[in-house]
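# Pasting a predicted model and its sequence here:
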Amino acid sequence: MSDETPDSLIPYDEIVQEALRAVVGRVLGQVAATGGDLPGGHHFYITFKTAAPGVSIPPHLRERFPDEMTIVLQNKFWDLDVRDDAFSVGLSFNQIPAKLNIPYAAITAFVDPAVDFGLQFQASVPEDGAMIVHDDAGNDSPEQRGAPVVEPADDGSNVVTVDFGRKK
C-alpha cells in the first residue's frame with residue numbers, strides 16, 4: 001500500500017474557497033440591506049488582488065497598488081452594491097472619491113477585527129514565488145488612517161485559513 005495521497009478528481013479546494021467567499025458576499029449583503037449601516041463596532045478589512053479579472057479601480061490606485069490592496073469599510077463608504085459574483089463600493093482616498101468593483105474571486109482576506117473574525121483565501125503567487133508587499137490603502141477617515149494592520153491570529157481565535165496543497 002502506498003503512503004501517497006492520490007490526486008482528487010473533485011476540486012475540493014476550489015469548492016471550499018468559493019463557499020467561504022460566499023460568506024463575504026452574505027455579510028456585505030446584510031450591510032447593504034440596512035442601507036450601509038454597520039451594526040455595533042463591526043468594520044471590515046478586505047484585501048484583494050488588484051489585477052484579478054473583473055477588478056475595476058481608478059488608474060491612480062492601480063499604480064499605487066499594482067498587486068494587492070486592502071480597503072476598510074467602516075465610517076465613510078457609500079453606494080455598497082452587492083451582487084452574486086462581486087460587490088462595488090464608493091470610498092475616498094486622499095480626499096478623492098473612487099468607485100471600486102471587486103469580484104469575490106479576487107478577495108484574499110476578509111477580517112472583522114471587532115469580533116476577531118477573519119477568512120484567508122489562497123492567493124495567486126507570481127511565477128518567481130515572491131509575494132508583493134503593499135502599502136495600506138489610506139482611506140480618509142482618521143480611525144482608518146491610524147488603524148493597525150490586522151494579521152490573522154494563530155491562537156485558536158475565529159480566523160479560518162484554508163490551504164489545500166496542490167500537487168504540481
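Received it, and whenever you're ready, just let me know what you need. Numbering: from 1, shown residues only.
# Would you map the strands across this protein?
44-49, 68-73, 78-82, 86-93, 96-103, 107-112, 117-120, 158-161 (DSSP state E).
# Can you tell me which of these is nearest to Glu4?
Closest approach to Glu4 among the strands of the chain (Cβ to Cβ): strand 158-161, 24.3 Å. Bear in mind the C-beta positions are built from the backbone N, C-alpha and C, glycine included.
# Need the mean per-residue confidence for the closest one.
Per-residue pLDDT over strand 158-161 has a mean of 50.
# Quick one, grab the pLDDT at Thr34.
pLDDT, Thr34: 88.
# ditto for Val16
pLDDT, read off for Val16, is 90.
# How much space separates Glu14 from Pro66?
Here Glu14 is placed at a distance of 26 Å from Pro66 (Cβ to Cβ, to the nearest Å).
# same question, Gln122
In this view, Gln122 and Pro66 are 20 Å apart by Cβ to Cβ.
# Who has more neighbours out of these two?
Using other Cβ atoms under 10 Å, the more surrounded residue of Gln122 and Pro66 is Gln122, with 15 against 12.
# sorry, back to before: save the strands of the chain as a markdown table, and put in mean neighbour count too.
What follows is those, written out as a markdown table (neighbours: other Cβ atoms under 10 Å):
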| stretch | mean neighbour count |
| --- | --- |
| strand 44-49 | 22 |
| strand 68-73 | 23 |
| strand 78-82 | 15 |
| strand 86-93 | 19 |
| strand 96-103 | 16 |
| strand 107-112 | 22 |
| strand 117-120 | 20 |
| strand 158-161 | 14 |
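# Is the nearest residue in space to Asp81 that is not next to it in sequence bridged to anything, and to what?
Among residues not flanking Asp81 along the chain, Ser88 sits closest, at 4.7 Å (Cβ to Cβ, 6 or more residues apart in numbering). Counting by DSSP bridges, Ser88 is bridged to Asp81, Asn101.
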